[in-house]
Each structure stands twice: as structure tokens, then as C-alpha cells.
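K.L.:
predicted model and sequence below, questions to follow.
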Amino acid sequence: MEVISKSLGVTATERLLAQLCDRTFLRLWSYANPFRSPGTEMCDLIAISDENIFLFFDREVRISNDTDDLELAWTRWHKKVITDQINTARGAKRHITSGRPIFSDPKCKNHISLPNDRSKINIFQIIIAHGAKEACEGFSTENVYGSMAIGYGDVKLPLQLPFMISLNKDDPTHVLDSHNLEIILKELDTIKDLTEYFVEKERVIKKYDGLVYAGEEDLLAHYFLNFDDKAEKYRIGPQKNSCNFLVIGEGEWKRFAASAQYRERNEANKISYLWDRLIQKTSRHILDGTALGNTTPFGPSAVQEMAKEGRLARRALANGIAEAINSFPYEELDEDSIQRKMIFMTSFDRTKGYVFLQIRKLRISNYDIYRTFRQNLLKIACGSAKNKFPDLKKIVGIATDAPRFAAENSEDLILLECEKWSDEDSIEYKRANELTTPLIFHKRRSCADSLRFSTKRWNAWMRVDHGNCSIEKA
């Protein structure tokens, strides 16, 4: 597989942004310093997830605490860091919506894949404004972190009023700063969670006459504390239409970050990073060209589907995998036998499911043949899941040697796109399943199978081609 080269950012703040986005969007779908034409950068970082595109513009200009004319320094800073960047962001947005290409290298040889239908994309414009934190803290003792206040809509703030920014509500731009950049990208550290936050924020900006908050982190705290049980989403503003202007005060994040609720949330999320580690490991192999199989970062893949899961879903999925690993039973095996354990889990998207398959074999004489065997068993498991749950449109399969008994390990990932499922498909996978010890699905959310079977039973079905692949599309 081809090695994919990427910029890591030019300045220190750009490198920090790239590192943070690598966690949230994964290295596969975030690109620092993309170009619109040879030698002409479009933005400081672009991240792409399906129809959602995030454009980041990073700028650092220092405001000295010792300046004699703070209003003049603020006006100049605002023009360079906010006004000019907003104009650049709008130009980049026009470039993308017009259908023109973008590239990951200065010579414009490597295209960055974008959705074919540009009319359906959502573009989020995000400015990272550095350099005003210390001056902002010194300006007011009431400022907790040195974050700038933001207002959208009918907010008549004079331009010369330092550290308060008025923004257009009709074409919203999001302004983060040196303090809350890390908070936003670390707390909303999945594509789904970050997208849902900005979608909800822009909904509120357009709905209300005005939205004002003391710092982006305070708005985020309000968001986390305002869960709509009926819609199963976090919200901004009252859930009933009882106001037309919303103000979020100073210190909301400080109080939330010190709360038991926040500590419990972080503790509960720890298990979910097992899912992240599996995605990041696979992504690294794809970028380094060491992944085997037919997956690319630009098309549908198992890794891409896994990355779409939000933090709450990852928590449940990782819990299911951890429980399956820890409960893999010990049995006496002869050299010709294989022990397996399989669980089935659903996604936040009820039309997508996951099969996690563990295999234990005492002696492997030919690892290539064994890997092909494991991949074929995984395909049968995914096809059998589709036969059992016909409303599924996508199934991601994950296979590995049982970690409880394996000193070293590898993973096989497949994506079965099965929205169109013919009678022939159903019969083929049913027959293949019957040729093995049948895979048993007990429940929609949690099903397990831990049975022994002989590899000799596979000879009638399995075609060994010695092609060792770790990631592929079924």
C-alpha cells in the first residue's frame, strides 16, 4: 500500500492543532497546510468526515500587557487575527463549494478526497486566535481563564471594546483561543461529538436573536449539562421555546470541571479509549503503507465506520470487547482444534453492527494460511449476522487471536456493505455457516459463541490464496 505523506504543521501552534485534530479526526482524515494551487495554502488544517468539512485557521499575534493604548492594540489585533481570518475562511469555503480541488502538498500533486456532491456538504469555519490570553487576563479580574467573550446576532459591542468579539449569525464562524482550543478538541474528541456540538451551536445561532458567552469553554459546559432525554442529544439553550436571546456567564466551565459529574464522566470514558487505540493503530498502518488489503483512507472502510462512533457509543462497544476478552474460557485443545468466541454489538446507528471474533489455536504451522482462515471465518460471521438481522446495512468485522492466550497479536478488519442483500447472498452465507459449527446469535445487542471445531470441516468451503490482508472490504 502507498505511503501517504502529510504536513505536521509549520508553526508551533499549527503543530499543536494538528496533534489535537489527529486525536479527534484521526490522521487519515485531517490534513495540515492543504493547498488550493501550487504554493498557495488554503487553510492551516482541513478535516473531512463524510459531508462535514472543518476548516481551521490558526493565527498568533501577541498583545503586550504593557501597551499604553490597549484599545488601539486590540483593534489592530482584531483585524489581523479575526477579521482577516474570517475573510480567508470565506474564500476557502467558496473554493470548496465551487468544486475546485485541494491538495496535501505544495506542488499540488496529491489530491485530498472531497465529497462528490459539494451542494450537500456542511463547512464549519473555525479560527484559532492566539496571543491575547495574558492581556485578556490582565484586563479584568473577573476573567477566569483569559478566554474572549463571543457574541452572535443582535449584540451591539463596540469594536474597540477589548476581548469581546461580535460575529455574523448568518454565516457563523467559530472563534477558539489559546485556552479553550485544547478543551474543545479533548472533550469533543470524536468526529461525531465535535460535529454534533457545532451543528447544535449553529442551530442556536440562527434560531435566537442573539447568543453571548464568556468563553467557548463556558458554552461547552452549558452544553454538557443540558441533555435532552427525548432527543438523546445535548442541547444549547432551554428545551422549550421560552427565550429569544441567550447569555452564558463566566465560570460555567470552571464549576463543571470541578464537579463530581465531570469526574464520573471521565472515569466512565476510560474504557472507551480501547476503541480509539484500535482505530489509531490501524490508521497508522494505512498511512505508513504497512496495512495489507484493499483499504484506502479515501473510500468506505471498516476503520472509517469505527471512527464515526461517538464517545458514549465507544464506551459501550469497548466494554463489550473487554468483557468478551476477559471471559474467553480456557479449554483443553489438541493441535488440530480451534476455539472461538464471537460477540455481536450494535452501533449508535441501528442499521450498523459489529462482530468481534476471537480465535485460539495452539499451533500455527503456516501463519498466512491461518490468517486467510481467520478472515474467511470473520466474513461468514458478518454474513450470518446480516441473515439474522436483515435491517442491517453495514457490518464491521474485527478478528484477532484471543488476547488472554496470545503473546503477540494481529487484527483483521472487514466492512460488509449489505444494504442490498440478494437471496443468493443469504443462501451462500447460510450454507457456509452450516459447513462450520454454526455461529449462534443469541441477542441483538449481545451474542456470544464459544465452541470448538476442527479445521478439517473447512476444506469444502475455504479457498486458500495465501494473500495476507489485514483490512478489506467484503
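P.N.:
Received the coordinates, thanks.

K.L.:
contacts, neighbours, all on C-alpha from now
P.N.:
Will do.

K.L.:
quick one: low-confidence parts of the stretch 201-350 of the chain?
P.N.:
Low-confidence segments of the stretch 201-350 of the chain (pLDDT under 70): 285-299.

K.L.:
that one: strands as residue ranges?
P.N.:
For the stretch 201-350 of the chain, the strands defined by DSSP state E, counting those that start in this stretch cover 210-213, 227-228, 233-234, 245-248, 337-346.

K.L.:
what are the pairing partners of the second one, and which direction each?
P.N.:
Applying DSSP bridges to the sheet, strand 227-228 is found paired with strand 233-234 (antiparallel).

K.L.:
now do the partner strand: distance to the chain's middle.
P.N.:
17 Å (CA atoms, centre = their mean, to the nearest Å).

K.L.:
repeat for stretch 209-229
P.N.:
The answer for stretch 209-229 is 21 Å, by CA atoms, centre = their mean.

K.L.:
okay, buried residues for it please.
P.N.:
Buried residues in stretch 209-229, defined by neighbour count with 16 or more other CA atoms under 10 Å: 209-224, 226.

K.L.:
out of these, list just those in helices.
P.N.:
216-224 (DSSP state H).

K.L.:
okay, the residue nearest to S272 when sequence neighbours are not counted and K386: tell me how far apart.
P.N.:
Of all residues not flanking S272 in the chain, R315 sits nearest, at 4.0 Å (CA to CA, 6 or more residues apart in numbering). Separation of R315 from K386 (CA to CA, to the nearest Å): 24 Å.

K.L.:
one step back: contacting residues for the residue nearest to S272?
P.N.:
Going by CA atoms under 8 Å, 6 or more residues apart in numbering, R315 touches 268-273.

K.L.:
which of these are buried? Put it as a ChimeraX command.
P.N.:
The buried residues among the contacts of R315 can be selected in ChimeraX (16+ other CA under 10 Å) with this line:
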select :269,271,272
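
K.L.:
so which helix or strand takes in F198?
P.N.:
In the assignment (DSSP states H and E), F198 maps to helix 191-207.

K.L.:
residues of the host helix or strand of I126 that come out buried?
P.N.:
Element membership of I126, judged by DSSP H and E, is strand 122-130. By 16+ other CA under 10 Å, the buried positions in strand 122-130 come out as 122-130.

K.L.:
what angle do it and helix 191-207 make?
P.N.:
For strand 122-130 against helix 191-207, the angle by axes from the mean of the first three to the mean of the last three CA atoms, to 10 degrees is 90 degrees.

K.L.:
what is strand 122-130 packed up against?
P.N.:
Applying 3 or more CA pairs under 8 Å, 6 or more residues apart in numbering; DSSP states H and E, one finds that strand 122-130 contacts strand 52-60, helix 84-97, strand 173-177.

K.L.:
go again using 6 Å as the cut-off
P.N.:
strand 52-60, strand 173-177 (3 or more CA pairs under 6 Å, 6 or more residues apart in numbering; DSSP states H and E).

K.L.:
shaky segments in the stretch 1-150 of the chain?
P.N.:
Looking at the stretch 1-150 of the chain by pLDDT under 70, you get 1-10, 26-28, 65-67, 138, 140-146.

K.L.:
now the helices: where do they sit in it?
P.N.:
12-24, 70-77, 84-97, 133-139 (DSSP state H, counting those that start in this stretch).

K.L.:
what's the longest one packed up against?
P.N.:
The one in question is helix 84-97. Partner elements for helix 84-97 (3+ CA pairs under 6 Å, 6+ apart): none found.

K.L.:
convert the C-alpha atoms of the helix holding F198 to PDB, please.
P.N.:
Once non-C-alpha atoms are left out, helix 191-207 reads as follows in PDB (Å, rounded to 0.1, in the frame of the first residue of the first chain):
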ATOM      1  CA  ILE A 191     -15.800  13.200  14.900                       C
ATOM      2  CA  LYS A 192     -19.400  12.600  15.900                       C
ATOM      3  CA  ASP A 193     -19.200  14.500  19.100                       C
ATOM      4  CA  LEU A 194     -17.500  17.600  17.600                       C
ATOM      5  CA  THR A 195     -19.800  17.600  14.700                       C
ATOM      6  CA  GLU A 196     -22.900  17.400  16.900                       C
ATOM      7  CA  TYR A 197     -21.600  20.300  19.100                       C
ATOM      8  CA  PHE A 198     -21.100  22.700  16.100                       C
ATOM      9  CA  VAL A 199     -24.300  21.700  14.500                       C
ATOM     10  CA  GLU A 200     -26.200  22.400  17.700                       C
ATOM     11  CA  LYS A 201     -24.300  25.700  18.200                       C
ATOM     12  CA  GLU A 202     -25.100  26.900  14.600                       C
ATOM     13  CA  ARG A 203     -28.800  25.900  15.100                       C
ATOM     14  CA  VAL A 204     -29.000  28.100  18.100                       C
ATOM     15  CA  ILE A 205     -27.100  31.000  16.500                       C
ATOM     16  CA  LYS A 206     -29.600  31.000  13.700                       C
ATOM     17  CA  LYS A 207     -32.600  30.500  16.000                       C
END
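
K.L.:
tell me the buried residues in that helix?
P.N.:
Buried residues in helix 191-207 (16+ other CA under 10 Å): 191-197, 200-202, 204-206.

K.L.:
just how off-centre is that helix within its chain?
P.N.:
15 Å.

K.L.:
same question for stretch 219-239.
P.N.:
Chain-centre distance of stretch 219-239: 20 Å, with CA atoms, centre = their mean.

K.L.:
need the buried residues of helix 191-207 in CSV (columns: distance to D171).
P.N.:
CSV is the format used below for the buried residues of helix 191-207 (distance: CA to CA, whole Å):
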residue, distance to D171
I191, 22
K192, 22
D193, 22
L194, 19
T195, 17
E196, 18
Y197, 17
E200, 15
K201, 12
E202, 9
V204, 13
I205, 10
K206, 9
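
K.L.:
and the closest residue to K270 other than its chain neighbours, how close does it get to I53?
P.N.:
What sits nearest to K270 in space, not counting adjacent residues and going by CA to CA, 6+ apart, is R315, at 7.9 Å. Distance, R315 to I53, using CA to CA: 25 Å.

K.L.:
ok, now which ones touch L55?
P.N.:
With contact set as CA atoms under 6 Å, 6 or more residues apart in numbering, L55 has these partners: 46, 125-126.

K.L.:
any idea how far P34 is from L225?
P.N.:
Where L225 is concerned, P34 sits at a distance of 36 Å (CA to CA).

K.L.:
for the longest helix seen in the chain, buried residues please.
P.N.:
Longest helix in the chain, counting residues (DSSP H): helix 367-388. Residues of helix 367-388 classed as buried: 368-388 (neighbour count, 16+ other CA under 10 Å).
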